[in-house]
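1. Below are the sequence and a predicted model; questions follow.
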Amino acid sequence: MQNNNSKRALLIENHSQDFYKARIPLALYLKQQGLDVFALVPNDQYAPLIKAQEILTLTYNLNRNNKGITQIIKLALTYRSIIKSNNIDVIHSFRFQPNIINILANLFLRKKTILHVTGLGIAFANNDLKYKIYRLISQLIFQLKLLLATKIIFQNHNDTSDIWFAKSFWKSKVEVIKGSGVNTKLFSPELSTHSKEKLRKNWDINEKEIVFICVTRLLWEKGIKELCEAFQEESKTTPNISLFIVGSADLENPRHINSAFVHAYNEDDKIKFLGNRNDVKQLLEMSDVFIYPSYYREGIPRGILEALSMAMPIITTDTAGCNLTVQENRNGLLILPRSSESIQDAISKIIKMDLNKLGSASRRLAEENFSDEVIFKQIRKIYDQI
């Protein structure tokens, strides 16, 4: 039953799967805090799963192949109708497109709007002329967002530095909250349901093998090509290493990795592309090192946060967002972006280090800086302020 005196919050995603995997914990936390929480997601197979979590779930039709302004206007009108009919007080959207639609839907409604920026994306990761143009357009759109939004949440300070006027003229509207949080109780090495030895036996991995794992969307800017090159080279002199790459190509993104690249490793006994998996936690349990050589403009990658929480050493790039997850030589190593040589050096170095000690430091970092409890309290504080 709805509490007519409580604040009503609408959380918006344009991928129901992402809401199901990443936003449900926040929705349930806000609900426990006394808010009436609604989810607004595309009408697909994940929407019923969200509803099953006892979250009031509203849906809309989304044509992912349609990137035109017509659909954006139609969606803005749909959002607007939903906001008005459900008497929403706070509209909290995630990602680039929902953030645009959020502010357009709320023109003249005077509702409180929170735009959550989960990374600046490809436009800020490449310097080709095409992407410089995209970056200019993105900057202009960000100025519109900053003008009309109540608050904008970035996940790292580098992003606020790179968006025009975010740290000066629009400073009062900008908040930095480091990541979306990780459930340190669920992603806990102490709650392992399978022994590492048993899991590795299922994958035919011997006890002396050092297993590296990368969990990511397959985009070129995630550093997959450089990672495979480095791993192939290092395995020539260090044969007891293996690499699992978990995730699939994001076909909506023009920079997705093609199937030919992936299939080229079908016969490789050291590098395995596993595609999307529902057993990521178990794969982390049986692996030794998490490696993430991204130069995509991340917020703070959820995959790294889960690996931190699972007490894993981390190798990642010294780039925005990623570098917040590594304390050099304490819980892992930072590498240069776009450099297979730097990746190879880090692989060679980390296998000589005390992996258990590094992993323990990762776990402490997750608990102190990135846990759901830490992050959600900061988000809740923003709700109270607006």
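-> Happy to help now that I have it. Residues are numbered from 1 along each chain as shown.

2. my guess is V176 contacts N156, does it?
-> Yes. Counting by CB atoms under 8 Å, V176 does reach N156; the two are 6.8 Å apart. C-betas here are computed from N, CA, C, even on glycine.

3. Neighbour count: those two, which is higher?
-> The neighbour comparison of V176 against N156 (other CB atoms under 10 Å) goes to N156, with 24 against 16.

4. who touches the more buried one in this structure?
-> Neighbour list for N156: V176, K178, G299, I300, A320, G321, L324 [criterion: CB atoms under 8 Å, 6 or more residues apart in numbering].

5. And R297, by the same measure?
-> R297 touches G119, L120, G121, I122, A123, F124, A125, D159, T319, A320, G321, counting by CB under 8 Å, 6+ apart.

6. would CSV of the contacts of N156 with secondary structure and pLDDT be doable?
-> Below are the contacts of N156 laid out as CSV (DSSP: H, G, I helix; E, B strand; the rest coil; pLDDT from 0 to 100):
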residue, secondary structure, pLDDT
V176, strand, 98
K178, coil, 96
G299, coil, 96
I300, coil, 97
A320, coil, 96
G321, coil, 96
L324, helix, 98
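
7. Name the nearest of these relative to F169.
-> In terms of CB to CB, no member of the contacts of N156 lies closer to F169 than V176, at 16.7 Å.

8. picking up where we left off before, identify those among the contacts of R297 that sit within helices.
-> Counting by DSSP state H, those place D159 in helices.

9. Can you add neighbour count and distance to L227 and give the contacts of R297 back as JSON lines?
-> Below are these laid out as JSON lines (neighbours: other CB atoms under 10 Å; distance: CB to CB, whole Å):
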{"residue": "G119", "neighbour count": "22", "distance to L227": "19"}
{"residue": "L120", "neighbour count": "26", "distance to L227": "22"}
{"residue": "G121", "neighbour count": "22", "distance to L227": "20"}
{"residue": "I122", "neighbour count": "19", "distance to L227": "18"}
{"residue": "A123", "neighbour count": "18", "distance to L227": "23"}
{"residue": "F124", "neighbour count": "20", "distance to L227": "21"}
{"residue": "A125", "neighbour count": "23", "distance to L227": "16"}
{"residue": "D159", "neighbour count": "24", "distance to L227": "24"}
{"residue": "T319", "neighbour count": "22", "distance to L227": "14"}
{"residue": "A320", "neighbour count": "25", "distance to L227": "19"}
{"residue": "G321", "neighbour count": "27", "distance to L227": "18"}
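
10. Put together JSON lines for the contacts of R297, with distance to K381 on each row.
-> Listed next are those as JSON lines, based on distance: CB to CB, whole Å:
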{"residue": "G119", "distance to K381": "22"}
{"residue": "L120", "distance to K381": "24"}
{"residue": "G121", "distance to K381": "27"}
{"residue": "I122", "distance to K381": "32"}
{"residue": "A123", "distance to K381": "30"}
{"residue": "F124", "distance to K381": "28"}
{"residue": "A125", "distance to K381": "31"}
{"residue": "D159", "distance to K381": "20"}
{"residue": "T319", "distance to K381": "28"}
{"residue": "A320", "distance to K381": "24"}
{"residue": "G321", "distance to K381": "21"}
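
11. can you put the contacts of N156 in TSV and add distance to K132?
-> Output for those, formatted as TSV (distance: CB to CB, whole Å):
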residue	distance to K132
V176	26
K178	28
G299	22
I300	25
A320	18
G321	21
L324	26
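
12. now, among the residues you listed, which is nearest to N202?
-> Lowest distance from N202 to the contacts of N156 (CB to CB) belongs to I300, with 31.2 Å.

13. Where does the closest residue to L120 other than its chain neighbours sit, in terms of helix or strand?
-> Distances taken as CB to CB, 6 or more residues apart in numbering place R297 nearest to L120, at 3.8 Å, with adjacent residues excluded. Assigned by DSSP states H and E, R297 falls within no helix or strand.

14. quick one: R297 from L75, how far?
-> Using CB to CB, to the nearest Å, R297 is found at 25 Å from L75.

15. cool, I291 as well?
-> I291 sits at a distance of 38 Å from L75 (criterion: CB to CB).

16. and what of V326?
-> For V326, the distance to L75 (CB to CB) stands at 38 Å.

17. In the stretch 1-150 of the chain, where is pLDDT below threshold?
-> By pLDDT under 70, the low-scoring segments of the stretch 1-150 of the chain are 1-5.

18. hey, where'd the helices end up in it?
-> With helices called from DSSP state H, counting those that start in this stretch, the stretch 1-150 of the chain shows them at 16-18, 24-32, 47-51, 69-85, 96-105, 129-148.

19. ok, T319 - contacts?
-> Shown in contact with T319 (CB under 8 Å, 6+ apart): S294, Y295, R297, E298, P337.
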